[in-house]
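Trainee: My questions concern the predicted model and sequence given below.
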Amino acid sequence: MENNLKASQQRAIQYWFADGLVELSGGVIALLLAIYFCVQQILQASKGAFALIFLSVFVAAFGIRKLMLWYRERSTYGRTGFVEPKKGWEDRRLLAVEVGFTILLVGFMLYTIVRGIQTVVWMPVIAGVVLAFLFSLAGYRTKLVRFVFLGAFCLLLGGFLAFSGLGDLWGSAVLSLATSLVLFAFGFITRIAYVRQIKVTAEQSDER
Amino acid sequence: MNAEPQSQPSLTGVDRLIHEPSRSVILAVLSAVKSADFLYLQRETGLTKGNLTVHLSKLEAAGFITIEKTYRGKLPLTLCSLTEQGKLAFEEYRQQLRKFVNGGNGNQ
């Protein structure tokens, strides 16, 4: 009985990621970031132009999220229902961890700027740490192993790229590209499993 | 000679309204999220629309959940969420259940 209740709670928490759309849209955003880093590396344009490109990537990421939610309303909610997850900041422990991590990161960046330490070569590993933190948090909240794996992958790849001699921009581009590919793979696998599950459920209800 | 019989935990004191399997699943789902709609709860409990409506009405009448009829885009939604009273009642119910399973010590 207790296990059944726990399983029901777990399924409800994981439902936000059950249709694979979050990973697929995350993959597109990571791909856009990879393109941005490549463009910045290849073209020698002014800083203002790069700020504009980065802003358009940011706006595109927002648009992709909106598009994902729009598609989800039509494809997922009508088939398997709607669940509104609890927000991350509603859990005080998680909020403390998030705030602590942000303070540490900003503090580290400020320290390096004040001390004049060159950190751009460490951009891939810093990006890897941030991504690892975000994915681990998602993995902890949902108990989905694929996010923990993704977090470890980003951390290891970020560390490797920082020492690979590729440089900050190429390194960040490779990290973003690799993350987007893994997200696409997870998204497609999850999507296929979700569609199959719907088909099976529909067939079972037809037989009743 | 015989040792005094220890007080065994029993399920006689549990809230009967929650102890029904479908209703406890509904409360478990709603305790994990902010809100869930009728279709999701129907899939999770495996109940028919009529049965689920009856269970939800009972929980609403007890003040454990709130039911809101709304729209998401063009989709009509019947959204259910747990009230503070429902949260407390469900937590108490689960504690009693754990106590019973663990023979009275209440630990997991």
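Mentor: Yes, it's here. Residues are numbered from 1 along each chain as shown, chains lettered A, B, ... in the order given.
Trainee: How about chain B: which residue is closest to chain A?
Mentor: Nearest residue of chain B to chain A: B:Tyr40, at 2.7 Å (CB to the nearest CB). Bear in mind the C-beta positions are built from the backbone N, C-alpha and C, glycine included.
Trainee: got a list of contacts for stretch A:137-153?
Mentor: A:10, A:13-14, A:16-17, A:88, A:91, A:94, A:97-98, A:131-136, A:178-179, A:182-183, A:186 (CB atoms under 8 Å, 6 or more residues apart in numbering or on different chains).
Trainee: Could you pick out the residues of chain B near chain A for me?
Mentor: B:21, B:24-25, B:28-29, B:31-44, B:72-73, B:75, B:77, B:79, B:94, B:97-98, B:101 (CB under 8 Å from any CB of the partner chain).
Trainee: buried sites along stretch B:84-102?
Mentor: With burial defined by 16 or more other CB atoms under 10 Å in any protein chain shown, the residues of stretch B:84-102 counted as buried are B:86, B:89-90, B:93-94, B:96-97, B:99-100.
Trainee: Report the distance from it to the chain centre.
Mentor: A distance of 9 Å separates the centroid of the chain from that of stretch B:84-102, by CA atoms, centre = their mean, to the nearest Å.
Trainee: Next, the distance between the ends of stretch B:15-34.
Mentor: Terminal residues of stretch B:15-34 lie 23 Å apart, using CA to CA, to the nearest Å.
Trainee: Now that stretch: buried residues?
Mentor: B:15, B:17-18, B:22-33.
Trainee: again with stretch A:153-161
Mentor: A:153-155, A:157-161.
Trainee: Format those residues as CSV; extra columns: pLDDT and secondary structure.
Mentor: Shown next, in CSV, are the buried residues of stretch A:153-161 (pLDDT from 0 to 100; DSSP: H, G, I helix; E, B strand; the rest coil):
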residue, pLDDT, secondary structure
A:Phe153, 93, helix
A:Cys154, 92, helix
A:Leu155, 91, helix
A:Leu157, 92, helix
A:Gly158, 89, helix
A:Gly159, 87, helix
A:Phe160, 89, helix
A:Leu161, 87, helix
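Trainee: Is it possible to get CSV of those residues that adds distance to A:Ala61?
Mentor: Shown next, in CSV, are the buried residues of stretch A:153-161 (distance: CB to CB, whole Å):
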residue, distance to A:Ala61
A:Phe153, 21
A:Cys154, 17
A:Leu155, 22
A:Leu157, 21
A:Gly158, 20
A:Gly159, 25
A:Phe160, 26
A:Leu161, 22
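Trainee: before we move on, the earlier item: near the residue of chain B closest to chain A, how many other residues are there?
Mentor: Residues lying near B:Tyr40 (other CB atoms under 10 Å in any protein chain shown) number 22.
Trainee: what does A:Gly165 give?
Mentor: 9.
Trainee: One more: A:Ser56?
Mentor: 12.
Trainee: Tell me the spacing between B:Thr66 and B:Leu77.
Mentor: 13 Å (CB to CB, to the nearest Å).
Trainee: Ignore what I typed, I meant A:Leu157.
Mentor: 41 Å.
Trainee: ok, longest helix in the chain?
Mentor: Because you didn't say which chain, this covers chain A. helix A:168-207 (DSSP state H).
Trainee: wait, chain B
Mentor: The single longest helix within chain B, with elements called by DSSP H, is helix B:84-101.
Trainee: How many neighbouring residues does the residue in chain A positioned nearest to chain B have?
Mentor: When you check chain A against chain B by CB to the nearest CB, the closest residue turns out to be A:Gly81, at 2.7 Å. Using other CB under 10 Å, A:Gly81 has 18 other residues around it.
Trainee: Buried ones among the contacts of stretch A:137-153?
Mentor: Buried among the contacts of stretch A:137-153 by 16+ other CB under 10 Å: A:13-14, A:16-17, A:97-98, A:131-136, A:178-179, A:182-183, A:186.
Trainee: what's the nearest residue to the residue most central in space within chain A if we skip its chain neighbours?
Mentor: In chain A, the residue lying closest to the centroid (CA atoms, centre = their mean) is A:Gly26, at 5.3 Å. Of all residues not flanking A:Gly26 in the chain, A:Leu183 sits nearest, at 4.7 Å (CB to CB, 6 or more residues apart in numbering or on different chains).
Trainee: quick one: the one you found and A:Ser8, what's the gap?
Mentor: From A:Leu183 to A:Ser8 the distance is 28 Å (CB to CB).
Trainee: got it, and A:Phe108?
Mentor: In terms of CB to CB, A:Phe108 sits 41 Å off from A:Ser8.
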